[in-house]
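**Q** quick one, what's the 3D model for this:
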Amino acid sequence: MVGKSLKKWWPVFVLPTLAAFIIGFLWPFIWGIYLSFCKFSTVKDVVWVGLSNYQKIFIGGDFSHAFWLTVIFAFVSSILINVLAFAIALALTKGFKGTNVFRTVFFMPNLIGGIVLGYIWQTLLNGLLSMWGQPLLKLSATNGFIGMIILLLWQQIGYMMIIYVAGLNNVSPDLIEAAQIDGATASQILFKIKIPMIMPSVTICTFLTLTNGFKMFDQNLSLTGGDPGKQSQLLALNIYDTFYGRSGPAWKGIGQAKAVVFFVLVVVIALIQLRATSSKEVQA
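**A** Numbers count the residues shown, from 1 in each chain. Here you go, the predicted model:
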């Protein structure tokens, strides 16, 4: 009876969601790709220019700089976040008192908006830099880069830690006990049992940290604003600056083309990472 009802009424449940997906995502996505081949100020004065926008992406060299800075930033932040989050998760699964309090404290920064975090850490880091006689974040590209790394670590370690804690708690105690009986050391248990068994968690966390690093915008805007001279500008902020920070219809098309290239880049990196880490997962 229930099966017949589902077959009869499934369009009532599926079609609203499908319509929302098409209107809210699919159509804007296709329209955005089309606009990357056009020159425009608004959607009412669109002029087709072909591949011209893509050829102009590298004018001035700011996109190339933002591209390589983002690649370095994403990989460095991803490695540091995952290593530190796993280390904290490993410590919190030892069963000492107060672990729930520590989990809450580490997770809380993830609940704060990126813009707010950027301004908070701008104040904190600029205060420290001024005490040490160092250039402020907006006056030094190196300090700005390090500041963004620190901010992202502080914000995301807690979230990844929760995922690693869940993975470690699912490792069978029988496997660990059997390894200890066979004389395995703590490091052997860690690298031969625990890490291979939590590779699904590693896959998820690596995917999230890499994509978050590539997509970071709010924190970059509020912490450094791309200064000095756009030297600390990541890709998302570079696209924003091209689209909204420069006058003339040509720049909007170039900004749209950059956005498409950015999307393809993130998808390719994510697929490579998922394939690489998924292949290491232990098959049940």
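**Q** low-confidence stretches in the stretch 51-200 of the chain?
**A** The stretch 51-200 of the chain contains no residues with pLDDT under 70.
**Q** for Val76, helix, strand, or coil?
**A** Judged by DSSP: H, G, I helix; E, B strand; the rest coil, the three-state class of Val76 is helix.
**Q** OK, contacts around the residue nearest to it when sequence neighbours are not counted?
**A** Nearest non-adjacent residue to Val76, counting by C-beta to C-beta, 6 or more residues apart in numbering: Ile149, 6.4 Å away. Just so you know, the C-beta spots here come from the backbone N, C-alpha and C atoms, and that holds for glycine as well. Residues near Ile149 by C-beta atoms under 8 Å, 6 or more residues apart in numbering: 73, 76-77, 80.
**Q** could you confirm Ile149 falls within a helix?
**A** Yes: under three-state DSSP, Ile149 sits within a helix.
**Q** circling back: Serialize the contacts of Ile149 to CSV and add fields for neighbour count and distance to Gly50.
**A** As requested, the contacts of Ile149 are arranged in CSV below (neighbours: other C-beta atoms under 10 Å; distance: C-beta to C-beta, whole Å):
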residue, neighbour count, distance to Gly50
Phe73, 22, 32
Val76, 15, 37
Ser77, 23, 37
Leu80, 17, 42
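**Q** and which of these is nearest Lys138?
**A** Phe73 (17.0 Å; C-beta to C-beta).
**Q** pretty sure the closest one contacts Phe145?
**A** Yes: between Phe73 and Phe145 there is a contact under C-beta atoms under 8 Å: 6.9 Å.
**Q** what's the burial count for Leu35?
**A** Residues near Leu35, counting by other C-beta atoms under 10 Å, number 20.
**Q** do you know how far it is from Thr206?
**A** Distance from Leu35 to Thr206, counting by C-beta to C-beta, to the nearest Å: 32 Å.
**Q** cool, and Leu136?
**A** Separation of Leu136 from Thr206 (C-beta to C-beta): 33 Å.
**Q** so those two - more neighbours on which side?
**A** Set side by side, Leu136 and Thr206 show more neighbours around Thr206, with 21 against 18, by other C-beta under 10 Å.
**Q** am I right that the more buried one sits in a strand?
**A** No: Thr206: not assigned to a strand; according to three-state DSSP it is helix.
**Q** residues touching it, list them.
**A** 78, 82, 273, 277.
**Q** which ones are touching the third one?
**A** Contacts here follow C-beta under 8 Å, 6+ apart; on that basis Gln273 touches 206-207, 210.
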